[in-house]
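[1] Have a look at this prediction, sequence included:
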Amino acid sequence: MANLNYKCPSCGGPLKFDSNTQRLLCASCGNDYDPVALEQLGADGQTKEDSFSFDGYSGEEMTDGVVYTCPSCGGEIIGDENTVATKCPYCDNPTVMAGNVSGILRPDIVIPFKLTKEDAKKKLLEYYKGKTLMPKSFKDENKINEIKGIYVPFWLFDADAEGSASFRATKSFSWSDRNYIYTRTDHFSIYREGAASFENVPVDGSTKMDDATMEAIEPFDLSQAVPFGSSYLAGFLADKYNVDEKESEPRAGQRMKESITDYLRSSVQGYETVSPQQASAVTKNGKARYALLPVWLLNTKYKGETYTFAMNGQTGKFVGNLPCDKGKFWGLLLGIAAAIAVPLAFVVNLLMG
């Protein structure tokens, strides 16, 4: 299957999807185009296969990657078997490996990027604010080593679920007489069961992405998803899934089980303590859609260490780990200990006085 460059019908310059306008923008002449219209029809009335530039997949596999051929300059693009979208290191043209998004590999939907690289940089600076244990020099000295927009493959699961859960709960009350204070604690065994329908439960379909990080930047607003078109990938990176639907089902089932257990837990009211004992859930009528969802990844360097951050490319939700200033940490800990010790010493002196 051919590789694909999207070129401007007016001047032949490379087109990139612009997050601000949600259109394909030509940096050379400034013209912009609707992605859906451009997918369907070339500027001169020809079909996109005639209008856009194609070249074949070279088929050469290397020990550390796969070689693709740039349709614009013929340069070699090193990727891997999962690469969907990248750019040519020689002419900088965005290139889509059409064979990895065709047939059964074609995504059902895509959420186009809504936020830009500059938005991601601003979010990183905002993320630093209020982090009292972060070293002061981190913000000033660390540099953004890499920032890239990636369409991450996800499976979106729908299913009906039935679940049950048991809980231990307690209630206590006290009374007193002239000599003693009495406390009685009653213990309860509680059972709940219920059913729920789930839609679009996401599971990351790439082993390159940390699952916990991808779940931390949720949710994505699927109401803004559009039918997949490869032109949305122009100017970004993308991979196809390497964790298939079947392999992703257990994680989807676990997420549904956790949700229905939380729902059942919320129905246990009026107790002082509630602790879960057992929970189970079964799903049926399951189905899945394949989607590409937008994520910005940022890497920064600080004192030889790499720190990675992720931002939801649609909503701006931002996550990442920060270094901890040990001096500030121990200072805060000692301050808390001192704050506790002062009133405690006062009580002891009062009792002994």
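    Okay, I see it.

[2] got the domain boundaries for the chain?
    2-106, 117-322, 328-353 (automatic domain parsing).

[3] what mean pLDDT would you report for the shortest one?
    Pointing back at domain 328-353 there. Mean per-residue pLDDT for domain 328-353: 51.

[4] what does the longest one give?
    Mean pLDDT, taken over the full extent of domain 117-322, equals 92.

[5] now that domain, how far from the centre of its chain.
    Offset of domain 117-322 from its chain centre (C-alpha atoms, centre = their mean, to the nearest Å): 9 Å.

[6] ranges for the strands of the stretch 251-353 of the chain?
    Ranges of strands in the stretch 251-353 of the chain, per DSSP state E, counting those that start in this stretch, are 273-302, 305-312, 318-320.

[7] Reduced to three states, what does residue 127 come out as?
    helix (DSSP: H, G, I helix; E, B strand; the rest coil).

[8] ugh, wrong one, residue 149
    Applying three-state DSSP: residue 149 is strand.

[9] which residues does the residue lying closest to it once chain neighbours are set aside contact?
    Excluding the flanking residues, the one nearest residue 149 by C-beta to C-beta, 6 or more residues apart in numbering is residue 236, at 4.5 Å. From N, CA and C alone the C-beta is placed, and that goes for glycine too. Shown in contact with residue 236 (C-beta atoms under 8 Å, 6 or more residues apart in numbering): 17, 85, 94, 113, 148, 149, 150, 151, 294.

[10] Quick check on residue 236: phi, psi?
    Note on residue 236: its backbone torsions stand at phi -120, psi 170 [degrees, to the nearest 10].

[11] Check the one 4 residues further on too.
    Backbone geometry at residue 240, expressed as degrees, to the nearest 10, gives phi -80, psi 170.

[12] who's in contact with residue 14?
    5, 6, 7, 8, 26, 27, 28, 72, 92, 93, 94, 234.

[13] Mind pulling the model confidence for it?
    88.

[14] Kindly report the same for residue 85.
    Reported pLDDT for residue 85: 87.

[15] what's the answer for the one 5 residues further on, then?
    Per-residue pLDDT puts residue 90 at 77.

[16] and the closest residue to residue 294 other than its chain neighbours, how many residues sit next to it?
    Of all residues not flanking residue 294 in the chain, residue 313 sits nearest, at 2.9 Å (C-beta to C-beta, 6+ apart). When counting by other C-beta atoms under 10 Å, one arrives at 28 neighbours for residue 313.

[17] backbone phi and psi for residue 313, please?
    Main-chain dihedrals, residue 313, degrees, to the nearest 10: phi -70, psi 0.

[18] Tell me which residues touch residue 68, please.
    3, 57, 58, 76, 77, 78, 79, 83, 95, 97.

[19] Looks like the fourth one contacts residue 91 (just checking).
    No - counting by C-beta atoms under 8 Å, residue 91 is not a contact partner of residue 76; they are 11.8 Å apart.

[20] Can you point out the buried residues in stretch 190-207?
    190, 192, 198, 200, 201, 202, 203, 204, 205, 206 (16 or more other C-beta atoms under 10 Å).

[21] Let me know the helix or strand that the most centrally placed residue in the chain is in.
    Residue closest to the mean C-alpha point of the chain, counted by C-alpha atoms, centre = their mean, is residue 214 at 3.0 Å. Per DSSP states H and E: residue 214 is located in helix 211-216.

[22] What of residue 208?
    Going by DSSP H and E, residue 208 is not in any helix or strand.

[23] re earlier: now for residue 76 and residue 91: what residues contact both?
    Contact with both residue 76 and residue 91 is made by residues residue 70, according to C-beta under 8 Å, 6+ apart.

[24] What is the nearest of the contacts of residue 14 to residue 143?
    Minimum distance to residue 143 across these is 22.3 Å, recorded for residue 92 (C-beta to C-beta).

[25] so what's residue 105 closest to, chain neighbours aside?
    Closest to residue 105 by C-beta to C-beta, 6+ apart is residue 240, at 5.5 Å.

[26] which residues touch the one you found?
    82, 83, 84, 100, 101, 105, 153.

[27] Then residue 193?
    162, 163, 164, 165, 264.

[28] Show me which of those are buried.
    163, 164, 165, 264.

[29] Tell me which residues are up against stretch 93-106.
    With C-beta under 8 Å, 6+ apart as the criterion, stretch 93-106 contacts 1-6, 14-16, 54, 57, 68, 70-73, 77, 79, 82-88, 107, 228, 230, 233-236, 238, 240, 290.

[30] if you look at those, which of them are in helices?
    Per DSSP state H, helices hold no members of those.

[31] Quickly note the distance from the closest residue to residue 273 other than its chain neighbours to residue 72.
    Nearest residue to residue 273 in three dimensions, chain neighbours excluded: residue 170, at 4.7 Å (C-beta to C-beta, 6+ apart). To residue 72, residue 170 is 70 Å away according to C-beta to C-beta, to the nearest Å.

[32] who's more crowded, the two?
    Shown here are residue 170 and residue 72; by other C-beta under 10 Å, residue 72 has more neighbours (20 against 13).
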